[in-house]
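Enquirer: sequence plus predicted model, see below.
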Amino acid sequence: MPTLVHLTAADVRRVPWKNGRGVTEELLVLPDSATFARGDFDVRISKATVSEPGPFSSFPGFDRVLVVTAGAGLRLAHGAAAPGATIGPFEPYAFSGDGSTAATLVDGPVEDFNVFVRRSRRRAHVDVSLPGRCPRPSGRLCAGDALVHLTAGTLELGLDADARRWRLAPGESLLVRDAREGDALVLEGVDAVLLLVRIAR
């Protein structure tokens with residue numbers, strides 16, 4: 001059976017950026033024995049504030065998904081490796097951590113949500129739900145792990161095969177460890193602004 005873990009503010013770790021230009025709020029690192037400092041993680045999910053233009057840290061061997069959760073957005077340039085892009089609020093954007101990426105601000109500081117996966121071992125997909133704009137994503141999970149992160153509103157959730165329910169406050173998450181193919185989340189909260197991260201093995 002999958003294991004569900006409620007992650008609160010007490011579980012967040014503040015970690016300096018790899019390039020020293022800011023601080024990340026680290027929500028999850030997998031496996032449990034891994035650390036960002038050692039670089040032996042396969043999955044990392046974090047939040048950060050980008051308050052000025054500058055380069056992103058490089059993460060060779062990793063794929064990334066970035067979601068702007070507050071502010072007007074970011075413009076990302078990847079040099080000759082890939083076309084640049086303008087990322088608006090709550091538009092998941094996937095890119096490689098291998099090359100150089102630099103960001104400029106569309107209109108002032110932003111807050112962003114970041115998913116890193118070691119591409120030789122894991123794959124990640126992020127869905128967003130916004131009341132009246134982005135419909136609630138299917139709660140169907142793949143074999144692997146999943147994380148639901150609430151940015152605003154109220155949310156009660158659990159697995160369809162389990163009567164237990166967890167209530168999240170903004171900034172909190174629910175981690176589903178060892179989900180089975182076909183397991184499904186039940187997501188209840190009409191005003192919930194949430195991100196659903198599916199992490200396939």
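Expert: Right, received. Where do you want to start? Numbering: from 1, shown residues only.

Enquirer: for the closest residue to residue 152 other than its chain neighbours, the count of nearby residues, please.
Expert: Using CB to CB, 6 or more residues apart in numbering and skipping the chain neighbours, the partner closest in space to residue 152 is residue 193 (4.1 Å). Glycine gets a C-beta too; all of them are placed from N, C-alpha and C. For residue 193, the neighbour count with other CB atoms under 10 Å is 20.

Enquirer: for residue 193, give me its contacts.
Expert: Applying CB atoms under 8 Å, 6 or more residues apart in numbering to residue 193 gives the contacts 90, 129-131, 150-153.

Enquirer: in ChimeraX, select just the buried ones from the residues you listed.
Expert: Selecting the buried subset of the contacts of residue 193 in ChimeraX, with 16 or more other CB atoms under 10 Å as the burial test, is done by:
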select :90,129,130,150,151,153
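
Enquirer: among the contacts of residue 193, show me the least confident.
Expert: Minimum pLDDT across the contacts of residue 193 is recorded for residue 131, with 90.

Enquirer: go ahead and confirm residue 119 touches residue 63.
Expert: Yes: judged on CB atoms under 8 Å, residue 119 makes contact with residue 63 at a distance of 4.8 Å.

Enquirer: using PDB, list the CA coordinates for the helix or strand harbouring residue 196.
Expert: Assigning secondary structure by DSSP states H and E places residue 196 in strand 193-200. Extracted C-alpha coordinates of strand 193-200, given in PDB (Å, rounded to 0.1, in the frame of the first residue of the first chain):
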ATOM      1  CA  VAL A 193      -4.900  26.500  -6.000                       C
ATOM      2  CA  LEU A 194      -2.700  23.400  -6.200                       C
ATOM      3  CA  LEU A 195       0.200  21.700  -8.000                       C
ATOM      4  CA  LEU A 196       0.200  17.900  -8.500                       C
ATOM      5  CA  VAL A 197       3.600  16.400  -9.200                       C
ATOM      6  CA  ARG A 198       3.700  12.900 -10.500                       C
ATOM      7  CA  ILE A 199       7.200  11.200 -10.300                       C
ATOM      8  CA  ALA A 200       7.400   8.000 -12.300                       C
END
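
Enquirer: sorry, back to before: just the ones of the contacts of residue 193 in helices?
Expert: Taking DSSP state H, every one of these sits outside helices.

Enquirer: distance to residue 55 added to the contacts of residue 193, as JSON lines?
Expert: Shown next, in JSON lines, are those (distance: CB to CB, whole Å):
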{"residue": "90", "distance to residue 55": "24"}
{"residue": "129", "distance to residue 55": "31"}
{"residue": "130", "distance to residue 55": "30"}
{"residue": "131", "distance to residue 55": "35"}
{"residue": "150", "distance to residue 55": "30"}
{"residue": "151", "distance to residue 55": "26"}
{"residue": "152", "distance to residue 55": "30"}
{"residue": "153", "distance to residue 55": "34"}
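
Enquirer: out of the contacts of residue 193, which one sits closest to residue 96?
Expert: Lowest distance from residue 96 to the contacts of residue 193 (CB to CB) belongs to residue 90, with 21.7 Å.

Enquirer: OK, contacts around the closest residue to that closest one other than its chain neighbours?
Expert: Among residues not flanking residue 90 along the chain, residue 128 sits closest, at 4.8 Å (CB to CB, 6+ apart). For residue 128, the contact set (CB under 8 Å, 6+ apart) comprises 67, 90-92, 134, 137, 194-196.
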